[in-house]
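**Student:** Give me coordinates for this.
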Amino acid sequence: MKDIKLIFILSSLIFIYSCSIESKDSLIYKRLKACNSTGLDSTILCGTFPVFENRQTNSGRKIDLNIIVIPAINKGLSTSPIFYLEGGPGVAATNAASFYADSNNYYRLQHDIVLIDVRGSGNSNPLHCHQLQLKENLEEQFAEMYPIEDVKDCYDSLSKFADLSQYTTTNMAIDIEDVRKWLGYKKISLFGLSFGGRLAQVYMKMFPASVESSVLWSPATMYSKMPLHFAKDAEISLNKLFEDCKHDSLCNLNFPNVKREFYELLERGKIKSFEYKIKNQNNEIKEVTIPWYSFQTKIRSLMYMPWGMRQIPYIVHQSYLGNWQPFISLFPSDSSNDDFIAEGLYLCVTCTEDVPYITQEETDSLTVGTFMGDYRIQQQKKACSSWAKGIVPDKFFEPVTSDIPTLVVSGYFDPVTPPLMAEQIVRSLTNGYLITIPTMSHTIDGLSNPECFDKMVVDFFNKPNTRPNSDCIQQMLPDNFKTQD
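**Tutor:** As a prediction, the model looks like this:
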């Protein structure tokens with residue numbers, strides 16, 4: 001008799017559990033439909049969810065948020081969904097759909113993966129600045145970052161269909177909370193990269209009861225004031241690279257004086273822009289002018305990825321010798337439109353939450369003596385002088401103080417969100433864990449054994465109260481330094 005009762009109780013529990021899964025799934029399938037996108041199979045779900053653009057009044061114009069949900073493969077073991085939050089700000093989360101949709105992907109074995117193009121990115125009323133992102137020729141590739149007339153033209157064109165004061169991190173977090181409710185998820189796990197890490201922190205502060213766990217990958221602190229620390233952090237990262245080259249037999253053999261050569265280039269570039277003759281498609285000789293700010297900006301961008309960092313000594317050395325072809329080859333030679341990031345959204349966020357709070361004293365203390373100088377700060381200040389500013393809530397810049405289980409992953413060579421930022425974030429997280437990958441910069445692109453990173457992240461989501469085993473990071477190694485074309 002006892003056995004019959006036990007079987008009845010177990011059967012009831014299984015029925016209740018299966019009903020809860022079915023209820024959640026049926027709601028997802030009711031809200032979303034099978035994607036028609038190329039490369040995504042019929043199990044992947046797509047749809048849109050309308051939100052008010054103005055979150056203060058919740059009235060007026062609406063934005064359709066673009067959403068992709070990749071259902072867990074093992075539904076019987078399904079736990080909290082992973083909401084992946086992209087960087088930038090301005091990169092579309094749905095760009096990662098093909099990666100997460102792979103049937104062998106470790107992330108989706110037990111978790112639904114939810115990709116939301118936050119307001120202003122992807123297909124959620126994107127704020128692309130074609131005036132800034134479209135380059136007609138090589139000369140325009142080397143123009144300053146934010147030509148004031150182009151910024152004004154972009155602002156005017158975007159203002160025709162968007163209130164640019166409403167595209168803030170806080171409003172993005174509110175949008176995500178509404179999407180969570182709409183899809184029927186009780187609790188979610190956050191996975192934020194770079195700016196996505198800031199967005200995750202804002203969400204954790206505003207909606208702590210909705211968060212099961214969080215992974216912050218190369219996150220910025222809430223008070224980082226982009227781009228205040230860019231010059232100093234890039235300087236530190238570049239010198240780490242030069243030290244790495246010195247201790248690498250192949251790199252040191254080919255570029256024994258690369259650090260001196262770089263800083264001699266800096267001194268030359270401060271005096272006069274570099275000039276180089278190239279052949280165009282018609283075999284005509286054309287002279288190209290390369291200002292120092294263009295050179296240092298591209299060098300810094302290469303530092304975001306391990307594969308990019310391994311090219312830098314070669315590019316610096318060849319440029320020092322007067323051969324600018326390796327550097328020029330990093331750029332499209334014809335007309336190109338770089339829409340990877342929505343530049344208008346980047347300005348909306350930083351002109352509200354970052355740039356207005358940068359003082360001249362801070363600028364001087366963190367840029368003097370660096371290879372970047374104050375170029376980036378001055379460019380963004382100029383751009384923001386004619387850009388709308390949104391509302392920054394009280395206590396926005398305060399660190400997240402929370403007991404939500406959180407894994408923070410940083411890279412030793414990161415030029416924008418260095419390990420120091422990760423350490424500062426973890427200090428106020430009572431259930432926070434920090435893992436620093438010795439060979440990673442801002443991302444893992446170019447490292448061997450990338451599945452090590454993915455396994456650590458998913459292992460943490462599966463057991464968020466336990467620090468994941470990180471022994472495998474010793475096998476995450478970069479390629480050899482580039483020494484020739």
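**Student:** What segments of the stretch 1-150 of the chain are helices?
**Tutor:** 2-31, 97-101, 130-133, 138-141, 148-158 (DSSP state H, counting those that start in this stretch).
**Student:** comparing those, which gets the lowest mean pLDDT score?
**Tutor:** Least confident of the helices of the stretch 1-150 of the chain, judged by mean pLDDT, is helix 2-31 with a mean of 50.
**Student:** for the residue nearest to the spatial centre of the chain, what are its contacts?
**Tutor:** Nearest residue to the geometric centre of the chain (CA atoms, centre = their mean): residue 87, 2.3 Å. Going by CB atoms under 8 Å, 6 or more residues apart in numbering, residue 87 touches 193-197. (Glycine included, C-beta is placed from N, CA and C.)
**Student:** OK, contacts around the residue lying closest to residue 71 once chain neighbours are set aside?
**Tutor:** Nearest residue to residue 71 in three dimensions, chain neighbours excluded: residue 112, at 5.5 Å (CB to CB, 6 or more residues apart in numbering). Shown in contact with residue 112 (CB under 8 Å, 6+ apart): 28, 69-72, 78, 81-82, 185.
**Student:** Low-confidence stretches in this protein?
**Tutor:** 1-26, 76-78 (pLDDT under 70).
**Student:** Mind doing that once more with 50?
**Tutor:** 1-23 (pLDDT under 50).
**Student:** Longest strand in it, by number of residues?
**Tutor:** In the chain, assigned by DSSP state E, the strand with the most residues is strand 59-70.
**Student:** ok, that strand: who's next to it in the sheet?
**Tutor:** Strand pairing for strand 59-70, determined by DSSP bridges: strand 45-54 (antiparallel), strand 113-116 (antiparallel).
**Student:** any idea how far it is from the chain center?
**Tutor:** Relative to the centre of its chain, strand 59-70 is centred 21 Å away, using CA atoms, centre = their mean, to the nearest Å.
**Student:** what's the answer for stretch 245-257, then?
**Tutor:** 31 Å.
**Student:** cool, stretch 223-240 as well?
**Tutor:** The answer for stretch 223-240 is 16 Å, by CA atoms, centre = their mean.
**Student:** if we can go back for a sec, adding distance to residue 472 and neighbour count, write the contacts of residue 112 out as CSV.
**Tutor:** Formatted as CSV, those follow (distance: CB to CB, whole Å; neighbours: other CB atoms under 10 Å):
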residue, distance to residue 472, neighbour count
28, 33, 20
69, 29, 24
70, 25, 29
71, 28, 19
72, 24, 20
78, 26, 18
81, 25, 26
82, 20, 27
185, 30, 21
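**Student:** between these, which is nearest residue 439?
**Tutor:** residue 82 (24.8 Å; CB to CB).
**Student:** For the closest one, give me its contacts.
**Tutor:** 107, 111-114, 188-191, 461.
**Student:** Residue 417 and residue 195 touch, don't they?
**Tutor:** No. At 9.3 Å, residue 417 does not count as touching residue 195 under the criterion of CB atoms under 8 Å.
**Student:** Overlap in contacts, those two.
**Tutor:** Common neighbours of residue 417 and residue 195, using CB under 8 Å, 6+ apart, are residue 220.
**Student:** Going by neighbour count, list what's buried in stretch 234-245.
**Tutor:** Going by neighbour count (16 or more other CB atoms under 10 Å), the buried part of stretch 234-245 is 234-238, 240-242, 244-245.
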